[in-house]
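Novice: Have a look at this fold, sequence not included:
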């Protein structure tokens, strides 16, 4: 057993080896979201209040964050957990009602939570963190998901509904796109909008986060060559899955069987030279009649890494599996962070949906922040990783 200081009031909290997952996450909140940082974003967003009351803006920031640690709790129980955990000064014992908490959330708005996310987001892995680097390049992935929000008129107008044949979906949906660091799962950037907004449109808003020395992996479906070229211009290297049917003018075949092709955008006569790698994955499983081999459909990767010695074909094929970092992020948010619940978010207005989503991303990032510190001490080492990622 060991003691630590509470970030809110300096009182000692006892933390044991058998702490619950919620207690571990509360530790992450107190470590990352210090009172100084929370006060800063509240002031920066212009959400501070002149008069003192039992639900000041700084407390409501912690309240909205804590909602994501106790997703099955009503507002009153969330506030009680906030008080008992020490995130709320223990001297204040009055517990506000649901109506007061709803009004206080509305006064706070979404800006402080968005600023909070901007302050803590970013790659967190080091060269010692397993799965973060490959051949000197920091690995990143790009993935999206759809989240359901409450079926209010305001939400339906702002976000629209998915369609299932002739019938509209039951709930409005928000599309979330995340740029994440492989190995740690830390978010480098995230954006969200109506579910009707295309992934390509959201991806454009994340290009600013791409830097030299990054290798970005993505499954772009139908290739948008303008988006590919724009991402490459930011200095990052790319490994994107593209349709096998995509016609690309051949430049030459390389000795390892990969090909240099020309990527032309907007009717250009002379495009950009990129490299194409094609392969299939064979798996062996135990069937009724013994071992059965299954071969996947052909997979085509397009990359800015042109030299086989710089990026061997076999390594690229193995490395691409790391792209599923985004899937792991969304699983963590929708299953672990939400306690396995499939219910919609809580908020009935777009402004509060945005506040809730930024808080969700903040809590996710805070929990991920514990990963790089713990990785060197897990005993897993590089040996637990695919060979390509260990390099």
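Specialist: Noted; the coordinates are in hand. Please read all numbers here as calculations on a predicted model, not as lab measurements.
Novice: How many neighbouring residues does the residue nearest to residue 224 when sequence neighbours are not counted have?
Specialist: Closest residue in space to residue 224, ignoring its immediate chain neighbours: residue 200 at 5.1 Å, by Cβ to Cβ, 6 or more residues apart in numbering. From N, CA and C alone the C-beta is placed, and that goes for glycine too. For residue 200, the count of nearby residues is 14 (other Cβ atoms under 10 Å).
Novice: The chain should start at 456 in everything you say after this.
Specialist: Understood, numbering begins at 456; the last thing we discussed is residue 655.
Novice: tell me the contacts of residue 655?
Specialist: Counting by Cβ atoms under 8 Å, 6 or more residues apart in numbering, residue 655 makes contact with 675, 679, 682.
Novice: From residue 685, how far off is it?
Specialist: 11 Å (Cβ to Cβ, to the nearest Å).
Novice: Over to residue 760?
Specialist: Per Cβ to Cβ, residue 760 is found 18 Å from residue 685.
Novice: So if I had to pick from the two, which one is more boxed in?
Specialist: Of the pair residue 760 and residue 685, residue 760 is the one with more neighbours under other Cβ under 10 Å, namely 21 against 15.
Novice: so which strand or helix has the residue nearest to residue 679?
Specialist: Using DSSP states H and E, residue 655 falls within helix 654-661.
Novice: Pull the distance from that helix to the chain's centre.
Specialist: 14 Å (Cα atoms, centre = their mean, to the nearest Å).
Novice: hmm, back to that, for the residue nearest to residue 679, report the pLDDT, please.
Specialist: Looking at residue 655, its pLDDT is 87.
Novice: That one and residue 808, how far apart?
Specialist: 23 Å.
Novice: Kindly report the same for residue 493.
Specialist: Separation of residue 493 from residue 808 (Cβ to Cβ): 21 Å.
Novice: Those two: who's more crowded?
Specialist: residue 808 (26 against 21).
Novice: Now do the contacts for residue 755.
Specialist: Residue 755 touches 696-699, 701, 731-733, counting by Cβ under 8 Å, 6+ apart.
Novice: The same query, at a cut-off of 10 Å, please.
Specialist: With contacts defined as Cβ atoms under 10 Å, 6 or more residues apart in numbering, the neighbours of residue 755 are 678, 695-701, 703, 731-734.
Novice: how about it, secondary structure?
Specialist: Secondary structure assignment for residue 755 (DSSP: H, G, I helix; E, B strand; the rest coil): strand.
Novice: How about residue 593?
Specialist: Per three-state DSSP, residue 593 ends up strand.
Novice: which regions of this structure lie under the pLDDT threshold?
Specialist: 456-483, 505-508, 541-549, 618-621, 676-678, 721-724, 780-781, 789-798, 825-846 (pLDDT under 70).
Novice: Can you point out the buried residues in the host helix or strand of residue 811?
Specialist: Assigned by DSSP H and E, residue 811 belongs to helix 805-823. Buried residues in helix 805-823, counted by 16 or more other Cβ atoms under 10 Å: 805, 807-823.
Novice: if we can go back for a sec, identify those among the contacts of residue 655 that sit within helices.
Specialist: residue 682 (DSSP state H).
Novice: of the contacts of residue 655, closest to residue 574?
Specialist: Among those, residue 682 lies closest to residue 574 (Cβ to Cβ), at 27.9 Å.
Novice: check contacts around the closest one.
Specialist: 654-656, 658-659, 662, 673, 675, 695, 720.
Novice: Kindly report the same for residue 593.
Specialist: By Cβ under 10 Å, 6+ apart, the neighbours of residue 593 are 578, 580, 582, 587, 636-638, 643, 666, 668-671, 691.
Novice: correct me, but residue 762 touches residue 730?
Specialist: Yes - counting by Cβ atoms under 10 Å, residue 762 does reach residue 730; the two are 8.3 Å apart.
Novice: what touches both of those two?
Specialist: Common contact partners of residue 762 and residue 730 (Cβ under 10 Å, 6+ apart): 709, 713.
Novice: Among those two, which residue is more densely surrounded?
Specialist: Between residue 762 and residue 730, counted using other Cβ under 10 Å, the more crowded position is residue 730 (23 against 11).
Novice: quick one: what helix or strand has the more buried one in it?
Specialist: Applying DSSP H and E as the criterion places residue 730 in strand 727-734.
Novice: Please identify the buried residues of that strand?
Specialist: Neighbour-count burial for strand 727-734 flags 727, 729-732, 734 (criterion: 16+ other Cβ under 10 Å).
Novice: from those, which is closest to residue 768?
Specialist: Set against residue 768, the nearest of the buried residues of strand 727-734 by Cβ to Cβ is residue 732 (5.1 Å).
Novice: Confirm for me that the closest one is in contact with residue 754.
Specialist: Yes - Residue 732 is within contact range of residue 754, at 8.5 Å (criterion: Cβ under 10 Å).
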